[in-house]
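Undergrad: need coordinates for the below:
(4 chains)
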There are 2 protein chains.
Amino acid sequence: MTSRTTDPGRPLRADAQRNRVRILAAAEEVFAEYGVAASTEEVAARAGVAIGTVFRHFPTKNDLLAAIMKGVLAGLVEEAATLGGDNSDGTGLFTFFARTVEQAATEKAVADLLARTGVEIQLPELLDVLGEAVHGLLRQAKAAGTVDRQVRLPEVMALLASTCQGALNGGWDAELRERTLAIIFAGLRPGAPR
Amino acid sequence: MTSRTTDPGRPLRADAQRNRVRILAAAEEVFAEYGVAASTEEVAARAGVAIGTVFRHFPTKNDLLAAIMKGVLAGLVEEAATLGGDNSDGTGLFTFFARTVEQAATEKAVADLLARTGVEIQLPELLDVLGEAVHGLLRQAKAAGTVDRQVRLPEVMALLASTCQGALNGGWDAELRERTLAIIFAGLRPGAPR
DNA sequence: TTGCAAAGTGAGTCCAGACTCATTATCTTC
DNA sequence: GAAGATAATGAGTCTGGACTCACTTTGCAA
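TA: Modelled structure (predicted):
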């Protein structure tokens, strides 16, 4: 167990339940906006609770961060799964890549997540889940002939993570994002000069 | 003037001169190792001076950072210039790219620089100088036919910056670095599928 | 309704790191 | 080599942000 969230067996009281949801929602917004460096104070304020309440639910900032990150990851994994489902044309990987980068350009939390920045929690196993989902898309793409067979998962993940960070930190606009991704995609395709 | 470094017209006293050099050397090491988040205290310790001395030479941490960044940038620009000089075969851009990423994987300061992280100083004009140097390499590459004519400078800089950050944060080993760069380079080449 | 355990509150603690300044030490000049 | 200017020193201040806890409030079971 890497993240603790004060989890007694007993069910939560109604107000506690409500506040927990509010805190998570606020944290998602705040971390998306300011990245993992945002203060817990800010989260509490946006959730409309006292700071002590945040710490009652999530004993450390890291625990809160971990909870949010899990949510973000789950979203990415789900998207990958969906794309894998209805895209047998092998374009799922490209679509996933583009959407994730676009999301990262807006939500700092995504980029921070892929960058493993600031979160001390052991996310490896969680990232592995994402890796597996992306691997599925990669296999589909290779099978459909849209990605070169020599391409392996690690470099795809590496490209994904770095592009997300770059897009965020560099403040890329839509056009630059597109032009940059075009180059990466071209490099992934079979028949690219090597 | 964006960076102040307590610069009276008068020449520095001998001990001051010596300490300034020590501080810069120490800061370069420390920032390379820990990134811009390293403390001024650590720099002072490594330089063998009191913290007050560091602040006498560089009134704010940011001024110190700016001085180091200028040095790092100058190094990159010089490397680009050298490569542009003796590489009319159009491979200068690729070599520069690979070396810079490799350097970033080791020196956090380089990645932080390209990421514009933490340094509040207006580096744009400095980064522009680097951009111009890279533009030279890009022009050479296009002329030599090693890079597609559709490729523009912004996306090259974007790829460079993001790859540097990715390599550092992701802790890429030499092999992953190579495999990842191979994809990007393939995407840059003329005749890459688009 | 009531009693108490669960939850909320927010002022306060703690700490790290940037920055200051009165004091002391060191150059440099004449 | 003395005097005054320049620089070094490091304990101390200040600030922001994580985290605590004595006390108050609230939900729920009996």
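
Undergrad: I'd assumed A:Ala26 was in contact with A:Ile68.
TA: No - the pair A:Ile68 / A:Ala26 is not scored as a contact, 10.2 Å apart, by C-beta atoms under 8 Å. Yep, even glycine has a C-beta here, placed from its N, CA and C like the rest.

Undergrad: then the helix or strand bottoming out on mean pLDDT in chain A to PDB, C-alphas only?
TA: Ranking every helix and strand in chain A by mean pLDDT, DSSP states H and E puts helix A:108-115 at the bottom, with a mean of 82. C-alpha atoms of helix A:108-115 as PDB (Å, rounded to 0.1, in the frame of the first residue of the first chain):
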ATOM      1  CA  LYS A 108      -0.500  20.500 -15.800                       C
ATOM      2  CA  ALA A 109      -1.400  17.500 -13.700                       C
ATOM      3  CA  VAL A 110      -1.200  15.200 -16.800                       C
ATOM      4  CA  ALA A 111       2.200  16.500 -17.700                       C
ATOM      5  CA  ASP A 112       3.400  16.200 -14.200                       C
ATOM      6  CA  LEU A 113       2.100  12.700 -14.000                       C
ATOM      7  CA  LEU A 114       3.900  11.600 -17.100                       C
ATOM      8  CA  ALA A 115       7.000  13.400 -15.900                       C
END
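
Undergrad: heading C-terminal from it, find the next helix or strand.
TA: helix A:124-144 (DSSP states H and E).

Undergrad: more neighbours: which of A:Ile68 and A:Ala26?
TA: Neighbours were counted for A:Ile68 and for A:Ala26 using other C-beta atoms under 10 Å in any protein chain shown; A:Ile68 has more, 24 against 19.

Undergrad: which helices and strands sit right next to the longest helix along chain A?
TA: The residue-count maximum for a helix in chain A (DSSP state H) belongs to helix A:61-86. Applying 3 or more C-beta pairs under 8 Å, 6 or more residues apart in numbering or on different chains; DSSP states H and E, one finds that helix A:61-86 contacts helix A:14-34, helix A:40-47, helix A:92-106, helix A:108-115, helix A:124-144.

Undergrad: mind checking those for the one nearest to chain B?
TA: helix A:108-115 (4.5 Å; C-beta to the nearest C-beta).

Undergrad: ok, residues contacting that closest one?
TA: With C-beta atoms under 8 Å, 6 or more residues apart in numbering or on different chains as the contact definition, helix A:108-115 has outside contacts at A:28, A:31-36, A:68-69, A:72-73, A:76, A:100, A:103-104, A:118-119, A:123, A:160-161, A:164-165, A:167-169, B:165-166, B:169-170.

Undergrad: among those residues, name the buried ones.
TA: Buried members of the contacts of helix A:108-115, scored by 16 or more other C-beta atoms under 10 Å in any protein chain shown, are A:28, A:31-32, A:35-36, A:68-69, A:72-73, A:76, A:100, A:103-104, A:119, A:123, A:160-161, A:164-165, A:167-169, B:165-166, B:169-170.

Undergrad: please list which of the residues you listed are also close to DNA strand C.
TA: Among these, not one lies near DNA strand C by C-beta under 7 Å from any atom of the strand.

Undergrad: per-residue confidence at the nearest residue to A:Phe97 once chain neighbours are set aside?
TA: Spatial nearest neighbour of A:Phe97, excluding adjacent residues (C-beta to C-beta, 6 or more residues apart in numbering or on different chains): A:Leu160 at 6.1 Å. pLDDT for A:Leu160: 96.

Undergrad: the residue in chain A positioned nearest to DNA strand C: which element?
TA: Going by C-beta to the nearest atom of the strand, DNA strand C is nearest to A:Gly52 of chain A, at 1.8 Å. Element membership of A:Gly52, judged by DSSP H and E, is helix A:51-57.

Undergrad: tell me what that helix is packed against?
TA: helix A:14-34, helix A:40-47.

Undergrad: out of those, which is closest to B:Gly92?
TA: Across the helices and strands packed on helix A:51-57, B:Gly92 has its closest neighbour in helix A:14-34 (39.4 Å, C-beta to C-beta).

Undergrad: what does the closest one contact?
TA: Applying C-beta under 8 Å, 6+ apart, the contact partners of helix A:14-34 are A:12, A:38, A:42-44, A:46-49, A:53-54, A:57-58, A:64-65, A:67-68, A:71, A:106-110, A:112.

Undergrad: is it positioned near DNA strand D?
TA: Yes - Helix A:14-34 is in contact with DNA strand D by C-beta under 7 Å from any atom of the strand, via A:Ala14, A:Asp15.

Undergrad: that helix vs helix A:40-47, what angle?
TA: 120 degrees (axes from the mean of the first three to the mean of the last three C-alpha atoms, to 10 degrees).

Undergrad: and helix A:14-34, how far out from the chain middle?
TA: 17 Å (C-alpha atoms, centre = their mean, to the nearest Å).

Undergrad: got the buried residues for it?
TA: For helix A:14-34, by 16+ other C-beta under 10 Å, it's A:Asn19, A:Arg20, A:Arg22, A:Ile23, A:Leu24, A:Ala26, A:Ala27, A:Glu28, A:Glu29, A:Val30, A:Phe31, A:Ala32.
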